[in-house]
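Enquirer: any chance you could fold what I've pasted below:
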Amino acid sequence: MESNIHLSSLISRHDDEATRTSTLEGLEEGEVEGETLLIIESEDQASVDLSHDQSGDSLNSDEGDVSWREEQLSYFCDKCQKWIPAILRSDHFLHLLQTDNVQVGSTVMTMLQNILQISSGDLLRIEGKTLHSILDEVVFKLLSTPSPVIRSTATRLLLLMAESHQEILILLRLSACYKGLRSLLNKQEPGTEFSQELRQLIGLLSPKVYQEVEEQKLHQAACLIQAYWKGFQTRKRLKKLPSAVITLQRSFRSKRTKMLLKLSRQKEEEDRRLQLQLQRQRAMRLSRELRLSMLEIVHPGQVEKHNREIEEKSALIIQKHWRGYRERKNFCQQRPSLVEYKAAVTLQRAALKFLAKCRKKKKLFAPWQGLRELTDACRVELKQQVDDYIRRHPGSEVSGVINRELHSQAQERLQHYFMGRALEERAQQHREALTARINTNIEQLMKAPSLKEAEGKEPELFLSRSRPVAAKAKQAHLNTLKHIQAPWWKKLGEEARDEIDIPKDELSIELGTLFIGGTKPP
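Expert: Below is the predicted model of the structure:
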C-alpha cells in the first residue's frame, strides 16, 4: 500500500521561543555566540514508500506513534541514502529539530546520529548557514533543556559530529560563536548517565587535548612513513644478505683479531712497564742499602766530609741542569735571529755563485787576445833572477855511502821505537790490571761484614793474594793493637788522633788467620 507522506506534516512549532532567545543571547554576550544553525532545504519534496499496511495518516496526528515514526525514519535512512543531503537541507528537518517535544527531539537527533553513522560526509556537503543552525540547535538542547534524555542524546550527537569531522571540531574550538561552550559544559551536573560522553566532549574541546590529538596524528603519520621506508630498506638489505653475511663475518674476524692484538700489546706494555718499575725500585733499594753500608764502614769523622761531597755533587747536578735549561731558553729566543742569519748566508752564497757563473761566462765568451811575447830585456832580467837564486841556495853534494849510512841509522831508530812501544803497551796493561785488582780488593773489603758478625767463610774476604800487601796490612794491624793496649803514660808525648773503640773480646781473635800472604782462599 503506497502512502505519500510529506515531511512538512512532522513540523512541530517551537512553543517556548522566549527561553530559546534568552539562551542564544547569553551565548552571544560572552559564553556562546550563535547564529541560526542547521540549514536544511528541501529542493524536492521527498516522496517515500514506507510499505506499511496501515493507511497513510499524518505523522503529527498522535504523539503515541512516535516510536513507529522513529522506526520508519530509520528504515528510510537505511534504504534511501541518496535523499540524505536533501533531508539535511530541508527547513522541515530543522523545524523538527527545534521542537520542544522530548520524544520528537530525541527521535530527530537519533535519526541525525544514524545519518552520520551511515554517511558522515553528507553533513559537510550542506551550506555553512544550515550547518551552523544545526550546531546551534544541538548546543541549545544540550545546555537549556531540562530533560536528561534530550541532553544525553544531544551530547552523543555533538560528540559524534566532533569526532567524525575535524572541521566541526575546529569550528567548536576556534569560532567566536562558541568560545564559552567549554565553560558552560564544565558547569553541567556531574554523575549523570551521559557524564562520560560529556567529559569526552570537554576533552576534545580543550586546546591541550586538541594539540595532543594533532601531535598523535602527526606521530602516527611519521611512524607510517618510517615503517614504509624501513620496509623498503629491509627488503633492499635482504637482497644483499648473502654477500653481507660474508662481509660481516670478515669484518668481525678482522676486528676481533685487531682487538686481541691490541689487548696483547697493551698487556705486554703493562708487563714491561711494571717490570721496569720493579727493576727501578730494586736498583734504588740496592743503591740505598749500599750507601748505608758504606756509611757504616766510614769512620764517624769522615761522615761529615762524605755528606759535604754529596752536597757538592748535588749542587753540581742542579747547576748543570739549570745551565742547560738557561742555554736552551736562550737558544729558543735566539732561534729567529739564527734563522735570519742562515737565510742571509744562503742568499749571499747563492748571489756569489750566480756572480761567479756570470764572470765565468764572460771569460769563456771573451775574444782570444793571444800570449804576450817576452822582450829581450825581460829575458835578461829573468835569467839574472835565476842565477841569483842558485848562488844563494847551492845544492848539497852527498855521496852514496853517506846516504846508505843515514838510511841504516833511520831504520835502527824506527825499530827501536817500535820495540819500546810494545814494551810500553805491556807495562800499561800490567798497570791497568793492578789497578783493577786493587779496586776489587777495596770493594770486597768495604762490603765485608764486621769481625764480630762474620760467620763461616766470611773472614776469607779479608785475605789478599799479594804477599807484600798482606804483610803490610798485618804489620799495621799489629801496631794498632799494640798502641791500643799500651799504658797511658806511653801516649803522653804523641799527637792527638782519632781513637778507635775496639771491644776487648774482639782482641782475642787469632790474627794469623786474617792475612796470609801469597795464599788463595780455598
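Enquirer: right, and the helix or strand after the helix ranked longest in the chain?
Expert: Across the chain, the longest stretch assigned as helix under DSSP state H is helix 300-364. The C-terminal neighbour of helix 300-364 among helices and strands, as given by DSSP states H and E, is helix 376-392.
Enquirer: so which elements touch that next one?
Expert: Here helix 376-392 touches no other helix or strand, going by 3 or more C-beta pairs under 8 Å, 6 or more residues apart in numbering; DSSP states H and E. C-betas here are computed from N, CA, C, even on glycine.
Enquirer: next SSE after it?
Expert: Assigned by DSSP H and E, the successor of helix 376-392 is helix 400-447.
Enquirer: the next helix-or-strand element following that following helix vs helix 400-447, what angle?
Expert: As assigned by DSSP H and E, the chain's next helix or strand after helix 400-447 is helix 467-485. Relative orientation of helix 467-485 versus helix 400-447 (axes from the mean of the first three to the mean of the last three C-alpha atoms, to 10 degrees): 40 degrees.
Enquirer: then helix 467-485 to PDB, C-alphas only?
Expert: Presented in PDB, the C-alpha positions along helix 467-485 are these (Å, rounded to 0.1, in the frame of the first residue of the first chain):
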ATOM      1  CA  ARG A 467     152.300 -11.100  49.900                       C
ATOM      2  CA  PRO A 468     153.600  -7.500  50.300                       C
ATOM      3  CA  VAL A 469     150.200  -6.200  50.800                       C
ATOM      4  CA  ALA A 470     149.300  -8.900  53.300                       C
ATOM      5  CA  ALA A 471     152.500  -8.400  55.300                       C
ATOM      6  CA  LYS A 472     152.000  -4.600  55.400                       C
ATOM      7  CA  ALA A 473     148.400  -5.000  56.500                       C
ATOM      8  CA  LYS A 474     149.300  -7.500  59.200                       C
ATOM      9  CA  GLN A 475     152.100  -5.200  60.500                       C
ATOM     10  CA  ALA A 476     149.800  -2.200  60.500                       C
ATOM     11  CA  HIS A 477     147.100  -4.200  62.400                       C
ATOM     12  CA  LEU A 478     149.600  -5.400  65.000                       C
ATOM     13  CA  ASN A 479     150.900  -1.900  65.500                       C
ATOM     14  CA  THR A 480     147.400  -0.600  66.000                       C
ATOM     15  CA  LEU A 481     146.600  -3.300  68.600                       C
ATOM     16  CA  LYS A 482     149.900  -2.600  70.500                       C
ATOM     17  CA  HIS A 483     149.200   1.100  70.500                       C
ATOM     18  CA  ILE A 484     145.700   0.500  71.900                       C
ATOM     19  CA  GLN A 485     147.000  -2.000  74.600                       C
END
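Enquirer: quick one: average confidence on it?
Expert: The pLDDT scores in helix 467-485 average 83.
Enquirer: which elements pack onto that helix?
Expert: Of the remaining helices and strands, none touches helix 467-485 by 3+ C-beta pairs under 8 Å, 6+ apart.
Enquirer: show me what counts as buried in that helix.
Expert: Across helix 467-485, burial judged by 16 or more other C-beta atoms under 10 Å covers A470, A473, K474.
Enquirer: quick one: mean pLDDT for stretch 310-324?
Expert: What stretch 310-324 shows for mean pLDDT is 94.
Enquirer: ditto for stretch 390-408
Expert: Rounded mean pLDDT across stretch 390-408 is 81.
Enquirer: gap between the two ends of it?
Expert: For stretch 390-408, the first-to-last residue distance is 31 Å (C-alpha to C-alpha, to the nearest Å).
Enquirer: go through that stretch and flag the buried ones.
Expert: In terms of neighbour count (16+ other C-beta under 10 Å), stretch 390-408 has no buried residues at all.
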